[in-house]
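Enquirer: Dropping the sequence and predicted coords here.
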Amino acid sequence: MATYVELHPQDPQPRLVAKVVDRLRRGEVIALPTDSGYAIACTLANKEGLDRIRTIRQVGSKHHFTLLCANFAQLGHFVIIDNVFFRLVKSLTPGPYTFILKGTKDVPRMTLNPKKHTVGVRIPDHRIVQAILSELGEPLLSSTLIVPGEEEPLEEGWVVDDRLGNAVDVVVDGPVGRGPTTVVDLSSGEAVIAREGAGDLSMFDVS
């Protein structure tokens, strides 16, 4: 069964945050609350962790994983953002948006879409996630925790533990935002809404 860790939603306990990060560095997979439902995550270069996440989500090699980044500077280190979209991405972060962009050479090849060489990136507006990212010092490789056959991400830690406690190593308990992120594909030179979710869509041409 997974280790269940309860973190304070506004002031996550440093000792417990350090324990979660230690488990990540040991190659384990965690489920954690974000500003748009639960996600499952591992460290960026964790090949076994990536395969486990694919198995849990039942997704193939074309699935876009998301890098959870601490800030805009870190995000810009792992994806290529041209001047056209620089202001757009910066204005919508942190927040419940995932952006699909070309990855830089610092992104492990196994995490990229095999044909487009793209990856999802986002900056969560969530204190627990930010505390973990700050302690870790690098992005987390993640996927929204949507159980196969369902459309919405799980939203309560005890439910995640009950349903996936044998599939992940750590379940972090905490509050979440509602619904999955809005996914904006910027890889073609145009802003295309790949999935409507949480977040304001008024700046996009959505019919």
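Expert: On my side now, so go ahead. Numbering: from 1, shown residues only.
Enquirer: Residue 139 and residue 44, how far apart?
Expert: The gap separating residue 139 from residue 44 is 6 Å, by CB to CB, to the nearest Å. Where you see a C-beta, it was placed from the backbone N, CA and C, and this is true even at glycine.
Enquirer: okay, those two: which has more neighbours?
Expert: Neighbour count, other CB atoms under 10 Å: between residue 139 and residue 44, residue 139 has more, with 26 against 20.
Enquirer: so the more buried one touches residue 69, yeah?
Expert: Yes - between residue 139 and residue 69 there is a contact under CB atoms under 8 Å: 4.9 Å.
Enquirer: Between the two, which contacts overlap?
Expert: By CB atoms under 8 Å, 6 or more residues apart in numbering, residue 139 and residue 69 have these common neighbours: 78, 121, 133.
Enquirer: Now for residue 129: which residues touch it?
Expert: For residue 129, the contacting residues are 32, 33, 34, 35, 68, by CB under 8 Å, 6+ apart.
Enquirer: which residues does the third one form a beta bridge with?
Expert: In this structure, residue 34 bridges to residue 37 when assessed by DSSP bridges.
Enquirer: Am I right that residue 15 is in a helix?
Expert: Yes - counting by DSSP: H, G, I helix; E, B strand; the rest coil, residue 15 is part of a helix.
Enquirer: Export stretch 178-197 to PDB, keeping only CA atoms.
Expert: The C-alpha coordinates for stretch 178-197 follow below in PDB (Å, rounded to 0.1, in the frame of the first residue of the first chain):
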ATOM      1  CA  ARG A 178     -11.900  21.600 -10.100                       C
ATOM      2  CA  GLY A 179     -11.500  19.700 -13.400                       C
ATOM      3  CA  PRO A 180      -8.500  19.000 -15.600                       C
ATOM      4  CA  THR A 181      -6.300  21.800 -17.100                       C
ATOM      5  CA  THR A 182      -7.100  23.500 -20.300                       C
ATOM      6  CA  VAL A 183      -4.600  22.200 -22.800                       C
ATOM      7  CA  VAL A 184      -3.300  24.700 -25.400                       C
ATOM      8  CA  ASP A 185      -1.200  23.300 -28.200                       C
ATOM      9  CA  LEU A 186       1.300  26.000 -29.400                       C
ATOM     10  CA  SER A 187       3.600  23.600 -31.300                       C
ATOM     11  CA  SER A 188       2.200  24.400 -34.800                       C
ATOM     12  CA  GLY A 189       2.600  28.200 -34.500                       C
ATOM     13  CA  GLU A 190      -1.000  28.700 -33.600                       C
ATOM     14  CA  ALA A 191      -2.800  28.500 -30.300                       C
ATOM     15  CA  VAL A 192      -5.100  25.500 -30.600                       C
ATOM     16  CA  ILE A 193      -7.300  24.400 -27.700                       C
ATOM     17  CA  ALA A 194      -6.600  20.600 -27.500                       C
ATOM     18  CA  ARG A 195      -8.800  20.200 -24.400                       C
ATOM     19  CA  GLU A 196     -11.200  22.700 -22.700                       C
ATOM     20  CA  GLY A 197     -10.900  22.500 -18.900                       C
END
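Enquirer: Would you map the strands across this structure?
Expert: 3-6, 30-34, 37-43, 66-68, 97-102, 118-122, 140-144, 170-173, 182-185, 192-195 (DSSP state E).
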